[in-house]
Structures are given as C-alpha cells and as structure tokens.
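In: Quick one, what's the 3D model for this:
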Amino acid sequence: MSGAFVRGPLLVSATLLSFLLPIAAVFSPASLGVVTSTFDTLGPCQVSAGNFSSDNTPAFFRHNATAGNFLGGTVSSVQRMADSSFASGTIPQVPRFCGNNCTYQTSLPSMTFQCQTNVVLPPGSMGDVADLSWRGTGMRMFWNASMAGPQEDPRSPFYVGWQTGAMYFGFDGSVGTNGTALCTPMKAQYDFTVRIVNGVQFVSYDITTNGPLDTTAQRSNYNGYEALQLGAITLAARSRLLGEISWWLNPVSGLTITNDSSPIMLASFLNVSKPDTFVWGDVITGIEQTAANVTAGMLNVDLGLKDSECTFHHSALVYRYRPENLWLPYGIALGVVGAALVLGVVVFLRFNPDNLTTSFIDTIGVTRSAELDSLALRYRLGLSGTLDEDESEKFRLGPLGEGYVGFGTKESIRSPE
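Out: Purely as a prediction, here's the structure:
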C-alpha cells in the first residue's frame with residue numbers, strides 16, 4: 001500500500017475518498033419519525049336528561065302529610081350519595097355516556113348555597129369564654145352551624161361560624177381562616193361538561209342561580225314535584241354542614257369534654273392535624289362545592305336519556321417526514337461525490353494522455369512487451385503450433401521496470417521494492 005501511494009498518490013487518494021460515500025447513510029439523522037396525532041369528531045349520543053320533574057323518575061324525598069309540608073326527609077340512597085361526595089370533597093364518578101375517550105354536556109336543575117360573609121351571629125354562637133358564658137367556663141368553639149329557620153324547610157338559611165385554633169397554648173395563629181356567614185339555599189341550573197380521557201374523567205360546570213327554592217307545601221302540580229326533589233337534595237347537602245365542634249375544659253375536675261360528632265369533621269376544607277387542633281381552609285368555597293358535588297352525583301340516578309351530540313377523541317400513529325434533516329448528510333455525500341469526480345478527471349487527464357479505454361484491444365496494447373511480441377511473431381510465422389508449446393503460462397502481469405507494467409516472463413518481472 002505504501003509503495004502504491006508513493007508511485008500514484010493522486011490515484012490512491014481518489015480511491016480512498018470513494019470509501020467515504022457510505023458515511024452519509026451511517027450518520028444520517030432521523031428524517032422519518034412516528035408521532036401520536038389526536039383529532040376530534042362529532043357524533044350522536046345519549047346523555048342524562050336531568051329530568052327531576054317526572055313521576056317516572058326516582059323520588060329523592062320521603063312524604064310527610066302533616067303540617068302542610070309534603071317533604072318528610074331524604075331517601076337513604078340520596079343521603080349516602082351526599083355523604084360520600086362531602087367526605088371526598090370532589091365530584092364523584094359520573095356515567096360514561098359516550099365511552100372512554102369523549103366529551104359530553106348535560107344540564108341539571110338543582111340547588112346551591114348563596115353565602116353572605118362577615119355577618120353578626122346570634123349570641124353565644126362562636127368564641128371563647130367571654131361569648132359562651134352560658135355554656136360554662138372553659139368552653140372553646142371551633143365550628144358552629146345552626147339553623148335560622150325551621151330545619152325541616154329546605155328554604156331555611158343557616159348561620160355558620162368557624163375559628164382556627166387549638167386547646168393548647170403556643171398555637172400558630174397565622175395559619176387557617178376565621179369567619180362568619182349566613183348561607184341561603186337557592187335554585188340553580190348546572191351545566192356540566194364531562195371530558196373522559198382513557199377512562200379518566202375531568203368534570204367542569206357553570207352555575208346559574210334562579211332565585212329562592214319553591215315551597216314544598218304543595219304537591220298538586222309540575223313545579224310542586226320538582227320542588228320536593230330539589231328540597232330533598234338541599235336537606236341532604238345541608239345536613240353535612242350543620243352542628244358544632246367544641247371543647248370544654250372543666251376547671252374543677254380537669255376533664256376535657258369534646259363535641260366533635262358533627263359531619264363537618266369530614267370536610268375537605270378542615271385539617272385536623274392533632275386531636276385538639278382545627279385549621280380551616282376556604283370554607284365558603286367548600287360550602288358551595290358541597291352543593292355542586294352532590295348535584296353531580298345525581299347524574300348516576302336514572303333521570304331519563306336525551307339525544308345529544310358528543311365529541312369523540314381519537315388518536316393514531318402518524319409517520320412524519322422531515323426533509324430538512326437530510327440536508328446535512330446529503331450535502332456531505334454530494335461533496336464527497338463532487339470531490340471524487342474532480343479527482344477522477346484529474347487522474348484521467350494525468351495518467352491517460354492517449355485517451356485509452358478499458359477495452360480488450362487497449363488493454364493488450366498497454367500491457368504488451370518485447371517478450372510477448374516475440375511469442376506472437378513466432379506463432380504467426382508458424383514456428384510453433386500453439387501458444388501452449390512456448391509455455392505461455394510463464395507470462396504474467398507485473399512491473400517490467402522504469403514504471404512500466406505489462407506481460408512478461410517470470411524472470412523479467414521485477415519484485416516490488
């Protein structure tokens with residue numbers, strides 16, 4: 001190899017350069033990729049009709065024929081739904097009316113709590129000993145939600161007061177919230193949007209308040225039945241908020257008596273970090289979300305179906321071609337080919353001044369020698385019958401001296417230095 005480079009460096013360089021052509025393919029960056037493409041289509045579907053007003057839908061209420069009020073309470077199934085929604089602090093799982101990858105919308109008439117904050121509470125509702133002297137020395141109140149009207153009437157508002165604190169000294173009073181409010185049940189229309197992605201639900205809603213709840217004192221018309229249904233939902237949601245959390249330390253016996261049996265202990269906006277520590281979050285939002293979560297749970301009840309249009313989410317593998325990624329490797333390949341072409345032309349002009357080709361005649365002409373001419377002459381003069389009789393197998397291609405390559409005998413071909 002070293003001898004060849006010395007005798008013909010330009011030719012060897014052109015040959016080596018040609019071996020660089022595969023590099024463009026080896027180091028070519030990805031120009032064809034696979035990505036997941038998502039797209040939506042609209043299609044017909046059936047969703048909950050949200051019909052509370054028909055006798056064909058399940059009744060949420062128990063009857064009461066006394067005192068002019070048909071509403072006697074809430075059925076156990078609705079109360080359990082309210083309990084689970086309140087304890088979780090989230091919207092429960094709702095039906096997948098359109099499948100595991102889709103979005104549907106539906107509306108429900110229901111109720112909400114409209115709260116007026118920073119109100120003056122009735123005497124003895126909140127505070128320490130100074131406010132609750134009627135309860136006895138050592139009383140501490142952390143939550144008190146009491147009715148401002150008949151408890152059996154779903155239209156009755158309720159007072160609520162809350163206080164972050166603890167029964168021990170040294171509590172960090174900078175955490176949590178304190179406040180008071182008067183909350184009134186109101187009629188509301190909920191517009192739910194349920195988006196389901198691979199079986200996981202994402203629920204959002206808009207609320208439109210439609211004034212006070214209707215009376216439950218009559219049952220004889222269309223609005224009366226809906227009033228009973230909404231009244232039962234109101235009783236179920238409001239019952240989770242009523243009650244108190246208080247502690248009483250008897251100064252004589254030293255015993256601590258607690259009253260923490262209210263369902264509010266399960267609230268998601270309350271953090272009980274220790275047995276005697278109560279830290280409140282955003283109470284007003286928590287009260288409003290309680291009504292919304294209970295209402296969303298009603299989608300699991302058979303309220304009839306209605307035709308609707310749903311958005312179906314699809315995904316597919318798409319092969320994406322990126323031609324810009326090929327400019328670099330193709331540019332390198334074109335450069336190598338161009339350089340090899342230029343070197344080839346230079347080699348051809350330098351080493352082939354007679355414009356020889358690779359034909360058989362030119363090959364024999366280039367490689368002829370005096371010994372080969374002598375053999376051919378004897379054959380033409382008839383001095384030998386065949387070329388084999390002159391042991392032509394001793395002729396071989398090799399260097400004949402002075403840089404000349406041709407056919408010669410074994411003795412005339414020089415070994416490479």
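
In: how about the helices of the stretch 151-300 of the chain, start to end?
Out: 222-239, 283-297 (DSSP state H, counting those that start in this stretch).

In: how about the strands of the stretch 151-300 of the chain, start to end?
Out: Using DSSP state E, counting those that start in this stretch, the strands of the stretch 151-300 of the chain run over residues 158-162, 165-166, 179-197, 200-212, 243-249, 256-259, 270-274, 277-280.

In: Give me the spatial nearest neighbour of Q289, chain neighbours excluded.
Out: Excluding its sequence neighbours, the residue lying closest to Q289 (C-beta to C-beta, 6 or more residues apart in numbering) is G89, at 7.3 Å. Glycine gets a C-beta too; all of them are placed from N, C-alpha and C.

In: count of neighbours near the one you found?
Out: G89 has 15 neighbouring residues, counting by other C-beta atoms under 10 Å.

In: how much space between it and N100?
Out: Distance, G89 to N100, using C-beta to C-beta, to the nearest Å: 25 Å.

In: for the helix ranked longest in the chain, what is the average pLDDT?
Out: In terms of residue count, the longest helix belonging to the chain (DSSP state H) is helix 327-351. The average pLDDT for helix 327-351 rounds to 72.

In: Does anything pack onto that helix? Which helices or strands?
Out: On a contact count with 3 or more C-beta pairs under 8 Å, 6 or more residues apart in numbering; DSSP states H and E, helix 327-351 meets helix 9-18, helix 23-26.

In: lowest-confidence stretch among the ones you listed?
Out: helix 23-26 - the lowest mean pLDDT of the helices and strands packed on helix 327-351, at a mean of 58.

In: sorry, back to before: quick one: closest of the strands of the stretch 151-300 of the chain to Y321.
Out: Within those, the stretch nearest Y321 is strand 179-197; the backing value is 28.7 Å (C-beta to C-beta).

In: That closest one: partners in the sheet, and parallel or antiparallel?
Out: Partners of strand 179-197 in the sheet, by DSSP bridges, are strand 102-117 (antiparallel), strand 158-162 (antiparallel), strand 200-212 (antiparallel).

In: Around A333, how many other residues sit close by?
Out: Around A333 there are 18 residues (other C-beta under 10 Å).

In: mind checking how far it is from T277?
Out: 73 Å.

In: Equivalent analysis for S204, please.
Out: S204 is 34 Å from T277, by C-beta to C-beta.

In: now D153
Out: Going from D153 to T277 by C-beta to C-beta gives 36 Å.

In: likewise Q116?
Out: According to C-beta to C-beta, Q116 and T277 sit 29 Å apart.

In: Compare neighbour counts for those two and give me the winner.
Out: Between Q116 and T277, counting by other C-beta under 10 Å, T277 is the more crowded of the two (18 against 12).

In: out of everything not next to it in sequence, what's closest to the more buried one?
Out: Nearest one to T277, counting by C-beta to C-beta, 6+ apart, is A166 at 4.2 Å.

In: Does the one you found touch V272 like I think?
Out: No - taking C-beta atoms under 8 Å as the definition, A166 is not a contact partner of V272, at 10.2 Å.

In: Residues that sit against both of these two, list them.
Out: Counting by C-beta atoms under 8 Å, 6 or more residues apart in numbering, the shared contacts of A166 and V272 are F278.

In: Give the residue from these two that has the larger number of neighbours.
Out: A166 (19 against 14).

In: In contact with the more buried one, which residues are there?
Out: So A166 contacts 274, 276-278 (C-beta under 8 Å, 6+ apart).

In: No further queries at this time; thank you.
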